[in-house]
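In: how would this look folded up:
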Amino acid sequence: MPKFTPRAKVQQYFARMTRAERAVLVLLCIFAVKFLFSTVARFLPALQTVDMLGSSRHPVDVWLLLLCCTAVLGTFCLYRRALRAVGMRLTRFDGAVLGICCVLSAAFYLHAMLGRQSLYLWDNATYYNLQVRLESNFADGVFMGVGSTIYKTWFNDYAPFVINILLEPFFMFTARTANTFAILCALLIPSLVYFSALVLLGVLRRQLAPKSPRLFTALGMIFVLLMPLLHVALYRGMPDLLGVAFAFMLMALLTGYHFEAPAPARLVSLTTFTGLLILTRRSYMFTVVTIFLFYGIYVLVRALRGRNRGALVRFVQFAVASLLCVGLPLAPMFWRIVRADYSDRYATYQTGGFLSELSNQRVYLGYFLLVVLVLGVLYGLYKNGTRFLSVLSAAGSLVTILLVTRVQNMDDHQSLAVAPFYLLGFFLCALAVANLPRRWMQAVPSAVLGGMCVLNFGACSQLLPPRYIPTEVYSGLYFYVDNVREDMDGIAQVNDWLRENCSGENSAYMICHGVVYSADVFRAAALPDESIRTILAYGAVNPGNDAFPKELFTAQAVLTCTPFDPSNHTEKINNAFLENQETYQPFEVAATFDMGNGYTITAYRRVKAPTVEELDTYRRWLAEEDAQFPYNFSAVWDQLETAFANNG
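Out: Numbers count the residues shown, from 1 in each chain. Next comes the predicted model:
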């Protein structure tokens, strides 16, 4: 009998790997060697010239391309392993349905996005900026690229690591504009979501054995293709939808497996998809917790009832291994999320709380999809063998919303964390239709459901007018990015003036932060050119999250607009600024810009040193905000008052 050695075990695993998996391993080893060399070069300046070979944004960064291509190939291998683990083979009908969904989706996004003139602002621009930052970080060397990526994954509120890595091999060969980024996301991400949904439907189809399996598959994919919640964020350039694909794969891998027998390939795939889902967007962490909470209870109860000790042991071993492989490396991110209270910090944007969020979710779904969800859940509870799926859909939705609202409010893109549970309920409704006893009984509700899905999506996407049916029936999500802007020349003139008259970081500040004008409009007007960002500071708009802007006293120029475009407490800041200008004249009017749309931007240049009296005006106008968030107001004012006193 041959003696066991670690080397023999490694050779055994290597022999079982496919050629693509071996290629991934080789590429990872090459990148690891490069990273070690880059780390050494970081501390030995003599090696830095050699280390920078291949690191550049123009035309591409060779090492970043190597890493990202490895990630794409690794994802392909992961999906192939997962399909083998669940014993899933797509039929020709599945392939036809997938092709139709991909073509229709691509046609819609190309029609909606090509040629549109829009500014990507706030959250929409954040994802694009992170994609550009990824290239910038690696342009400074592999050591800096890897280090900054890990740091941002742990501590950044937005950490779409998986999104950035998987998109980069395609993005780096585009013009790198915000529009090309949005179009690229819209073409690539839905395809993976549709494929993952087909995998889950295939697993459910095999386990539940509907009377009309093709109808079950087709109707389920109609729900995925035409659910507005899945598309509205992506339409605005926010690629959070990728996480839904990984959530579908988690559900597919868990369905029908109760740890009654060893399944190493399935468990490795489960762990990997769990990590990918969490790294897609922080809100998906709650999706993961909910799925494993309900599934874990189900497995444990089943094992205890059947007195299956092996299943209990294997489940505990899997849980411990997953925590070590996923939880431990991401512990700083988990700790940051658990400690955060975004529901308080962002309360001025959205009303927080579980009950309030349930009302929002009802609006996001609309009465039509809400009825579909209820019918699916009720049928799942009625039919033997689907009760757990029904409980997971209904209770999983509620628990996920409850968990998310403990730390933050939910807009449409955060609500994607709940979408997999909604769609599971829709699939159960499709199962109910597919199990009806007569063909005509199946055809009529299928036609009604499909037609309503078309009308619902058409109304939300503004492709069809919302006629004949009360608007409350439709999902309360309407696709928009921005109105067509006719002030781009005026925005360019303001930016040119700032470059000519302001020098240094945060040397200009804009008070207005409304829908039409804010600092973001000017900072993001010429992406990927971000030169204005260093000059014009980000505006303070959310009193719970943004500190009082010191730039009102330190900036060389302060800008505002007439009529004023308000948001939250910015109108109070503007009133205090104008009162100071009338009383103390600390500024002079340096320039005015007619934006051609009824608005005028006025730039004030500081001519007098700031005083305590000027500061007191802001204290008086913002007393209410100070009482609620003293760490963002009084704390800053006290520092400024001390500085002004020391100055004179």
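
In: Please state the backbone phi and psi of the residue positioned nearest the centre of the chain?
Out: Centroid-nearest residue in the chain: residue 240, 3.2 Å away (criterion: Cα atoms, centre = their mean). The phi/psi pair for residue 240 (degrees, to the nearest 10) reads phi -60, psi -20.

In: and if you look at residue 589?
Out: Dihedral angles (degrees, to the nearest 10) for residue 589: phi -70, psi 120.

In: Surely it touches residue 604?
Out: Yes. Counting by Cβ atoms under 8 Å, residue 589 does reach residue 604; the two are 6.1 Å apart. Bear in mind the C-beta positions are built from the backbone N, C-alpha and C, glycine included.

In: For the two, indicate the residue with more neighbours.
Out: Ranked by neighbour count (other Cβ atoms under 10 Å), residue 589 and residue 604 place residue 604 first, with 22 against 10.

In: Is it correct that the more buried one is in contact with residue 552?
Out: No. Residue 604 is not in contact with residue 552 according to Cβ under 8 Å; the separation is 10.4 Å.

In: which is the next helix or strand following the worst-scoring helix or strand of the chain on mean pLDDT?
Out: In the chain, the helix or strand scored least confidently by mean pLDDT, DSSP states H and E is helix 342-345, which has a mean of 54. Remark: after helix 342-345, the chain's next helix or strand is helix 354-382, criterion DSSP states H and E.

In: if we can go back for a sec, list the contacts for the residue nearest to the centre of the chain?
Out: Residues in contact with residue 240 (Cβ atoms under 8 Å, 6 or more residues apart in numbering) are 160, 233, 234, 280, 281, 283, 413, 414, 416.

In: Return the item of these having minimum pLDDT.
Out: On pLDDT alone, residue 160 ranks lowest of those, at 73.

In: buried sites along stretch 67-82?
Out: 67-75, 77-79, 81-82 (16 or more other Cβ atoms under 10 Å).

In: likewise stretch 54-66?
Out: Residues 55, 61, 63, 64, 65, 66 are the ones in stretch 54-66 that count as buried (16+ other Cβ under 10 Å).

In: So for that stretch, first residue to last residue, what's the gap.
Out: 11 Å (Cα to Cα, to the nearest Å).

In: model confidence over that stretch, on average?
Out: 79.

In: which stretches of the stretch 401-550 of the chain form helices?
Out: All helices of the stretch 401-550 of the chain, identified by DSSP state H, counting those that start in this stretch, fall at 419-434, 439-460, 488-501, 519-523, 531-535.

In: quick check: angle from the first one to helix 354-382?
Out: Taking axes from the mean of the first three to the mean of the last three Cα atoms, to 10 degrees, one finds that helix 419-434 is oriented at 30 degrees with respect to helix 354-382.

In: what's the average pLDDT for helix 419-434?
Out: 96.

In: For that helix, what is the distance to the chain centroid?
Out: Remark: helix 419-434 is offset 24 Å from the chain centroid, using Cα atoms, centre = their mean, to the nearest Å.

In: Can I get that helix as PDB, trimmed to CA atoms?
Out: Presented in PDB, the C-alpha positions along helix 419-434 are these (Å, rounded to 0.1, in the frame of the first residue of the first chain):
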ATOM      1  CA  ALA A 419     -34.500  40.000  -5.100                       C
ATOM      2  CA  PRO A 420     -33.400  36.300  -5.000                       C
ATOM      3  CA  PHE A 421     -36.000  35.500  -2.400                       C
ATOM      4  CA  TYR A 422     -38.700  37.300  -4.400                       C
ATOM      5  CA  LEU A 423     -37.800  35.400  -7.500                       C
ATOM      6  CA  LEU A 424     -37.900  32.100  -5.700                       C
ATOM      7  CA  GLY A 425     -41.500  32.900  -4.900                       C
ATOM      8  CA  PHE A 426     -42.100  33.800  -8.500                       C
ATOM      9  CA  PHE A 427     -40.700  30.400  -9.500                       C
ATOM     10  CA  LEU A 428     -43.100  28.700  -7.200                       C
ATOM     11  CA  CYS A 429     -45.900  30.500  -8.900                       C
ATOM     12  CA  ALA A 430     -44.600  29.300 -12.300                       C
ATOM     13  CA  LEU A 431     -44.500  25.800 -10.800                       C
ATOM     14  CA  ALA A 432     -48.200  26.200  -9.900                       C
ATOM     15  CA  VAL A 433     -49.100  27.100 -13.500                       C
ATOM     16  CA  ALA A 434     -47.000  24.300 -14.900                       C
END
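
In: In strands, which of the contacts of residue 240 appear?
Out: Secondary structure from DSSP state E places none of the contacts of residue 240 in strands.
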